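J.: Sequence below, structure please.
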Amino acid sequence: MTFASLWLVVILLINVISVGAAQEKKGSTSKLRTIPKRMHFQVRSQCKLFKTWKMKQLCNQVASDPNIVKMGRKVRAFVKNNDEKRFSKRMRKLSSNARALTIPTPPVDGFTMPSISRTLSSNTGFQCTKSCPSYSSLLSGKTPIQRSFSPWESCAHYDPLRFPQWLKLGFCSCKGCINPETKNEDMSFVSEPITVNITVLKRKPGVSFSECKNPNVGCEKALLEVTLGCTCVLPKGT
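T.: All right, here's what the predicted structure looks like:
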């Protein structure tokens, strides 16, 4: 074999090795792309506290929900009961003058969803301070939300049977809409919530999230319908 032939064989071997390495790298890159680019940092930090791989995967699905990611720092999730109780106790002290509102909660098979009282509850409810705004406050509003004829608020909502326990949810501030002519709330129109489903985990009473090992045994993934904003519409049947 001449030197030129030997050199050609070496070049061919190098090309084969390079192609194989490139394909392996491409395969590993495709696997990495299955991991969501954006995840809620605090929720994700709690996922490692679940005891089984299945529960950790469900937790990662919650952390990667885009609507939960957008809620930012208002979202707080806890696997350990003691951590959740300490944080919630501090939050209730900060919102001692708040009011709680009722929201429709979709049924979840196998779970009893706690009702939200119209009076401030130490267990569940919205932690909000504002009610239906006046027309003058709309005129001074700096954002489209604050100037809307169907205004809404976004504030903290707490549910101990849910993961994350604390979410940033919206609610319509008025039952009707602000009429620009009368400058008062007009009950001939309706403030209709704009909703979306988010991914959460639910647990049965008496079972802590730290005890959950298998889905559907005490804990379960669920879709929760939440309000992102409100729009002014005519009442049904008109």
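J.: Would you quantify the distance from residue 67 to residue 132?
T.: Applying CB to CB, to the nearest Å, the value for residue 67 to residue 132 is 26 Å. All C-beta atoms are positioned from the backbone trio N, CA, C, and that covers glycine.
J.: no wait, residue 182
T.: Between residue 182 and residue 132 the computed distance is 14 Å (CB to CB).
J.: These two: who's more crowded?
T.: Higher neighbour count among residue 182 and residue 132: residue 132, with 16 against 9, using other CB atoms under 10 Å.
J.: Wait, a strand at the more buried one?
T.: No - applying DSSP: H, G, I helix; E, B strand; the rest coil, one finds residue 132 to be coil, outside a strand.
J.: For residue 142, give me its contacts.
T.: Not one residue lies near residue 142 by CB atoms under 8 Å, 6 or more residues apart in numbering.
J.: Oops, could you answer that again for residue 166 instead?
T.: 74, 75, 76, 77, 87, 88, 91, 156, 157, 158 are the contacts of residue 166 under CB under 8 Å, 6+ apart.
J.: got it, and residue 174?
T.: Residue 174 neighbours (CB under 8 Å, 6+ apart): 132, 133, 150, 151, 185, 191.
J.: Now it: closest residue in space that isn't a chain neighbour?
T.: residue 132 (4.0 Å; CB to CB, 6 or more residues apart in numbering).
J.: In this model residue 184 seems to touch the one you found, though I could be wrong.
T.: No - under the criterion of CB atoms under 8 Å, residue 132 is not in contact with residue 184, lying 9.8 Å apart.
J.: Do a quick rundown of the strands in the protein.
T.: 125-127, 152-158, 162-163, 166-172, 177-179, 184-186, 190-203, 219-233 (DSSP state E).
J.: helices or strands up against the longest one?
T.: Packing contacts for strand 219-233, counted by 3 or more CB pairs under 8 Å, 6 or more residues apart in numbering; DSSP states H and E, involve helix 53-63, strand 152-158, strand 166-172, strand 190-203.
J.: The same query, at a cut-off of 7 Å, please.
T.: On a contact count with 3 or more CB pairs under 7 Å, 6 or more residues apart in numbering; DSSP states H and E, strand 219-233 meets strand 166-172, strand 190-203.
J.: any idea which of those is most buried?
T.: Looking across those with neighbours counted as mean count of other CB atoms under 10 Å, the highest average goes to strand 166-172: a mean of 21.
J.: Extract the C-alpha set from that strand and format it as PDB.
T.: As requested, the backbone C-alpha atoms of strand 166-172 are provided in PDB (Å, rounded to 0.1, in the frame of the first residue of the first chain):
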ATOM      1  CA  TRP A 166     -50.600  30.300  46.200                       C
ATOM      2  CA  LEU A 167     -51.500  31.500  42.700                       C
ATOM      3  CA  LYS A 168     -51.900  34.900  41.100                       C
ATOM      4  CA  LEU A 169     -55.500  34.800  39.800                       C
ATOM      5  CA  GLY A 170     -57.900  37.400  38.400                       C
ATOM      6  CA  PHE A 171     -61.500  38.300  39.100                       C
ATOM      7  CA  CYS A 172     -63.900  40.800  37.700                       C
END
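J.: Make 57 the first number, not 1, from now on.
T.: All set: I'll call the first residue 57, so the last point we hit is now strand 222-228.
J.: Just the mean pLDDT for that strand, thanks.
T.: Averaged over strand 222-228, pLDDT sits at 88.
J.: cool, and stretch 142-157?
T.: Across stretch 142-157, pLDDT averages out at 63.
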